[in-house]
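**Student:** generate coordinates for the sequence data below:
(one chain, ligands or ions: 2)
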Amino acid sequence: MLDLLKLRIRHGYQAIPDIRSAQLMGTHRGFPVIDESEYEGDWQKVIDVCPTNAITKNPVSIDLGKCIFCGECEEVSGKAIRFTNEHRVGCSERNHLVVSSGDGFGDFLNEAIAARREIHRLFGRSLKLRQVSAGGCNGCEMELNACSNVNFDMGRFGIDFVASPRHADGVVITGPIARNMAPALMDAYKSISDPKIVIAVGACAISGGVFAQSDELNRGLLDETAVHLYIPGCPPHPLTLINALLDFIGRK
Ligand code: SF4
Ligand code: SF4
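**Tutor:** Numbers count the residues shown, from 1 in each chain. Ligands and ions are numbered 1, 2, ... in the order given. Below you'll find the model as predicted:
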């Protein structure tokens, strides 16, 4: 027992102490900054290189709900599109995920997730989530798993994943919602008692991502219910996920 205690003391406290101010390496692709005046070539070439049709013109914009952060547009546009390492790209409104030429990260962040008193009152101290992998590649699921590891330790904020939707306050959807997974997702959603929240994690869940044109999808649930929180990425980083959830439940 004494040896175990010594070992525990030697390991120290391994969780990131201040998850709100933690920064990612410069190589991480987060919020994009676009300056269309910096590129004198044909923007259609940049648009065509995007595998998920995330880029549009007039003004040049990137839909973070479709973007898989592959960096191809950054190369082709000669850095007129530049991805910063700002990882806090979670958002509560779908249209706010469209970043246009000239938009800055500060303005985006200010309006990204509206603090709602009712959400804070209900879930501010405890949020239990049921995750449904609806046909994704397992990348988003791995990052969601990492949120609960000793490093990120999301459980310290009272946010946990639970095994049964009956015990959950909301559902976290990953994957593009393959036709075969649609009934299981609907069952899980219906099994959660009201009031319940819906969180879409990753480009696949938000827009279909690289599978958006597939006939094998059934995204009917998202037509029937509101999505309360969008967390872009392919996959999103655990810091993106945890910060978005903390903002959503109104934790400082
Ligand atoms: S980084 Fe995003 S917007 Fe740019 S090409 Fe890749 S998917 Fe498209
Ligand atoms: S968004 Fe990317 S990482 Fe997540 S399930 Fe889809 S392809 Fe995989």
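**Student:** around ligand 1, which positions in this protein sit nearby?
**Tutor:** The chain comes close to ligand 1 at residues 49-52, 54-55, 62, 67-73, as judged by Cβ under 6 Å from any ligand atom. To be clear about C-beta, it is placed using only N, CA and C from the backbone, and glycine gets the same treatment.
**Student:** just those: which are in helices?
**Tutor:** Counting by DSSP state H, these place 49, 72, 73 in helices.
**Student:** surely the first one touches residue 71?
**Tutor:** Right, the one you point to is residue 49. No - using Cβ atoms under 8 Å, residue 49 is not in contact with residue 71, being 10.4 Å away.
**Student:** residue 165 and residue 196, how far apart?
**Tutor:** According to Cβ to Cβ, to the nearest Å, residue 165 and residue 196 sit 9 Å apart.
**Student:** look at these two and report which has more neighbours.
**Tutor:** More crowded of residue 165 and residue 196, by other Cβ atoms under 10 Å: residue 165, with 22 against 17.
**Student:** pretty sure that one contacts residue 130?
**Tutor:** Yes - in this structure, residue 165 is within contact of residue 130 by Cβ under 8 Å, at 4.4 Å.
**Student:** give me the common contacts of those two.
**Tutor:** Contact criterion Cβ atoms under 8 Å, 6 or more residues apart in numbering; residues shared by residue 165 and residue 130: 171, 188, 192.
**Student:** assumed the first one was part of a strand.
**Tutor:** Yes - assessed by DSSP: H, G, I helix; E, B strand; the rest coil, residue 171 belongs to a strand.
**Student:** quick check: the gap between residue 60 and ligand 2.
**Tutor:** 23 Å (Cβ to the nearest ligand atom, to the nearest Å).
**Student:** which residues touch the residue lying closest to that residue once chain neighbours are set aside?
**Tutor:** Leaving aside its chain neighbours, residue 60 sits nearest to residue 36 (4.3 Å; criterion: Cβ to Cβ, 6 or more residues apart in numbering). Going by Cβ under 8 Å, 6+ apart, residue 36 touches 43, 59, 60, 80, 101.
**Student:** state the pLDDT value of the residue of the chain positioned farthest from its centre.
**Tutor:** Distance to the chain centre peaks in the chain at residue 2, reaching 42.7 Å (criterion: Cα atoms, centre = their mean). Looking at residue 2, its pLDDT is 87.
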